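J.: would you be able to build a 3D model of this:
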Amino acid sequence: MTVQDVRSFNRFYTNVIGALDYGRHLYAPYTLTESRVLYELAHSPRTDAADLRTELSLDAGYLSRILNKFEQDGLIERTPSERDPRRRRIALTARGRETAALLDERSRESVGALLATVPADDRPRLAEAMHTVRTLLSHGRPPRREDVVLREPGPGDLGWIVQRNAALYAAEYGWNTDYEGLVARIVADFAEDHDPHLERVWIAELDGRPVGCVMCVRDDAPGTARLRLLLVEPDARGLRIGDRLVEAVIGFARDGGYRDLVLWTNDVLSAARRIYQRHGFVLVAEKPHRSFGADLLGQDWRLDLHPSQE
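T.: Sure, this is the predicted structure:
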């Protein structure tokens with residue numbers, strides 16, 4: 001393979017996906033780079049400029065101009081970072097979320113139309129070829145945190161949540177099919193009736209495959225959201241995926257006007273409990289119970305989304 005071979009492929013692929021055609025309906029009125037920044041903000045709701053520079057390898061001045069444009073367009077708001085007062089937290093406004101969702105929908109439709117031209121029998125070959133390119137050009141390096149994308153569920157993802165919860169908890173804790181039934185009911189209730197402004201599912205994706213998930217749904221108590229079904233695949237642990245998923249729920253619940261966020265878990269899930277504690281959840285109640293074929297200690301945790309400043 002020569003340099004010319006790679007350049008030829010690059011020209012071919014950018015033409016196929018329309019990356020250089022800024023007059024297309026796909027990105028308008030934003031450029032491909034601006035659309036990518038919006039995508040990152042939509043899928044990492046609690047971030048700052050330094051995070052974006054690292055994840056996208058953008059020049060600081062160029063990124064600053066993009067963010068200034070977004071702020072002028074009413075797409076983002078900047079507030080002091082809770083992690084470091086010297087930094088500014090960047091979050092999408094309601095208009096920003098709508099814009100990001102529209103651009104994402106256009107992109108999905110464009111890629112879907114492209115895949116529709118590929119015969120079904122050839123799609124596994126295409127997927128394998130794309131995986132091979134990514135693997136070879138990454139020099140065999142292990143996955144990085146920035147390789148993980150948080151996105152909304154697509155077709156089949158809700159079924160994946162049920163299947164992976166059942167399989168992982170059976171393998172790691174010996175839980176029986178009662179747990180699978182519980183997860184199936186939770187997912188079915190969400191799929192059949194949910195308010196997208198107040199309830200949401202996130203899928204963590206790595207190298208084109210789902211490796212984690214979490215849900216935010218309305219609780220029975222007024223003004224309260226509930227975090228459910230946090231899961232990270234074993235081979236993807238250590239990339240801070242669980243923290244990012246919980247951060248996404250907290251940011252969404254706070255922006256949605258909820259007063260507090262609650263969750264129910266069991267004491268055997270020690271890794272998940274450590275994540276909850278890191279993000280300020282407080283244990284409010286414990287109760288032993290017999291469920292899923294095991295003797296467990298159930299725990300209720302709560303996070304005040306708008307703590308008093310006094």
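J.: list the contacts of S138.
T.: Going by CB atoms under 8 Å, 6 or more residues apart in numbering, S138 touches no other residue. For glycine as for every other residue, the C-beta is placed from the backbone atoms N, C-alpha and C.
J.: go on, N266?
T.: By CB under 8 Å, 6+ apart, N266 lies in contact with L296, L297, G298, Q299.
J.: in the stretch 51-200 of the chain, what residue spans correspond to strands?
T.: 76-80, 88-92, 149-151, 200-206 (DSSP state E, counting those that start in this stretch).
J.: so which of those strands is the most surrounded?
T.: Burial of the strands of the stretch 51-200 of the chain is given as mean neighbour count (mean count of other CB atoms under 10 Å); strand 200-206 ranks first at a mean of 22.
J.: only C-alpha atoms, please: export the next helix or strand after that strand in CSV.
T.: Moving toward the C-terminus from strand 200-206, the next helix or strand (DSSP states H and E) is strand 209-218. The C-alpha trace of strand 209-218 is given here as CSV (Å, rounded to 0.1, in the frame of the first residue of the first chain):
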residue,chain,number,x,y,z
ARG,A,209,-21.0,-1.9,19.8
PRO,A,210,-23.0,-1.1,23.0
VAL,A,211,-21.0,-1.5,26.2
GLY,A,212,-23.2,0.2,28.7
CYS,A,213,-26.5,1.7,29.5
VAL,A,214,-28.6,3.7,32.0
MET,A,215,-32.2,5.1,32.3
CYS,A,216,-33.7,8.2,33.8
VAL,A,217,-37.5,7.9,34.4
ARG,A,218,-40.1,9.7,36.5
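J.: strand 209-218 to strand 200-206, inter-axis angle?
T.: Interaxial angle of strand 209-218 relative to strand 200-206 (axes from the mean of the first three to the mean of the last three CA atoms, to 10 degrees): 160 degrees.
J.: direction included, what does the next helix-or-strand element following strand 209-218 pair up with?
T.: Downstream of strand 209-218, the next assigned helix or strand under DSSP H and E is strand 224-232. Take DSSP bridges as the rule and strand 224-232 pairs in its sheet with strand 209-218 (antiparallel), strand 260-266 (parallel).
J.: how distant is the following helix or strand past the shortest one from the center of its chain?
T.: Following the chain from strand 260-266 toward its C-terminal end, the next helix or strand by DSSP H and E is helix 270-278. Offset of helix 270-278 from its chain centre (CA atoms, centre = their mean, to the nearest Å): 18 Å.
J.: check stretch 99-106 too.
T.: The answer for stretch 99-106 is 15 Å, by CA atoms, centre = their mean.
J.: buried stuff in it?
T.: Residues of stretch 99-106 classed as buried: T99, A100, L103, D104, R106 (neighbour count, 16 or more other CB atoms under 10 Å).
J.: which non-adjacent residue is nearest the second one?
T.: To tie it back to what came earlier, the one meant is A100. Closest residue to A100 apart from its sequence neighbours, by CB to CB, 6 or more residues apart in numbering: A42 at 3.9 Å.
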